[in-house]
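Asker: Just a sequence and a predicted model for now, questions to come.
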Amino acid sequence: MFFLKEKSIPLNEIFKDKFVDIHSHLLPGIDDGAKNIEDSISLISKMYEYGIKNFITTPHVLGDVYPNSTETIQKKLEEVKSALSKKGLNDVTFRASAEYMMDEQFVERLKADDIIPLKDNLILVEMSYFNAPFNLYDVLFEIQLKGFKPVLAHPERYNFYHNDFQNFYKLKKAGCLFQLNCLSLTEQYGKSVKGTADKLLKENLYDFIGTDTHHHNHLKLLQKIGTKKTYKKIETIVNNNQKFLE
């Protein structure tokens, strides 16, 4: 039996000019992403080659591990923007938000209005990969009570939900938007994550997509999504990301 190889397409046919990557770790030295300013510019330059010219980068805000303040993030943002200008990448749109772990410190930030939205009232949030917060739905309620709308990063990567798909519907009903990680469509995170991502796509539960780029190995692996079959799966949510430029 012969199998036809999937037709490859360049990534700049997937990531069109108005595409905005809403999940990445490109600010230097403040989380597990870019190590320094040279690393930041190198990553952005490679993504530029892939057609990605618009960024809302999202450093971790995670308890005492990555206790990044709004001030810290804004300072690093200006550093990168200055370096991009010196590099001549003047057609790059580069903004910053954060990826907020839904922990006790996050709740305190929420109360203090110390939150950087992705755009308007959208904020990127995540959970531990080991288990959901015991008060998850209370936190989601508090987010919305403050006038924000939660965008849950990579729901497909929360393995504790894989055996009970109804949890994803429950999260959507509670007001969560879903953001797919591009690399979840490869076997980067394992077959179970890929299978869950495919099922969530089939059920039309995703709202947005992001690269979640941390380092060059991620960008090398990103080329694996460059097929017509994959693009057909994600075209709608890729187009949704354009709304962040409006």
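Answerer: The structure has been received and is ready for your questions. Numbers count the residues shown, from 1 in each chain.
Asker: The residue nearest to Phe130 when sequence neighbours are not counted: neighbouring residues, count only.
Answerer: Leaving out its chain neighbours, the residue that sits closest to Phe130 by Cβ to Cβ, 6 or more residues apart in numbering is Phe160, at 7.4 Å. C-beta coordinates here come from the backbone N, C-alpha and C atoms, glycine included. Neighbour count of Phe160, defined by other Cβ atoms under 10 Å: 13.
Asker: Equivalent analysis for Asp207, please.
Answerer: 19.
Asker: ok so, going back, quick check: the residue nearest to Phe130 vs Lys232, distance?
Answerer: Counting by Cβ to Cβ, to the nearest Å, the gap from Phe160 to Lys232 is 30 Å.
Asker: what's the answer for Arg157, then?
Answerer: Taking Cβ to Cβ as the measure, Arg157 falls 23 Å from Lys232.
Asker: same thing with Gly195?
Answerer: 18 Å.
Asker: Mind checking which of the two has more residues around it?
Answerer: Gly195 (13 against 9).
Asker: Could you confirm the more buried one falls within a strand?
Answerer: No: read with DSSP: H, G, I helix; E, B strand; the rest coil, Gly195 is helix and lies in no strand.
Asker: so where's this structure uncertain?
Answerer: Across the chain, the ranges flagged by pLDDT under 70 are 1-5.
Asker: State whether the residue nearest to Phe130 is indeed within a helix.
Answerer: Yes: according to three-state DSSP, Phe160 belongs to a helix.
Asker: Against Asp64, how distant is it?
Answerer: 24 Å.
Asker: go on, Glu235?
Answerer: Separation of Glu235 from Asp64 (Cβ to Cβ): 41 Å.
Asker: cool, Thr72 as well?
Answerer: Distance from Thr72 to Asp64, counting by Cβ to Cβ: 14 Å.
Asker: With Asn131 instead?
Answerer: The gap separating Asn131 from Asp64 is 19 Å, by Cβ to Cβ.
Asker: And these two? Which one has more around it.
Answerer: More crowded of Asn131 and Asp64, by other Cβ under 10 Å: Asn131, with 11 against 6.
Asker: Next, the contact list for the closest residue to that one other than its chain neighbours, please.
Answerer: Take Asn131 and drop its neighbours on the chain: the residue closest to it by Cβ to Cβ, 6+ apart is Phe160, 5.7 Å away. Neighbour list for Phe160: Phe130, Asn131, Ala132 [criterion: Cβ atoms under 8 Å, 6 or more residues apart in numbering].
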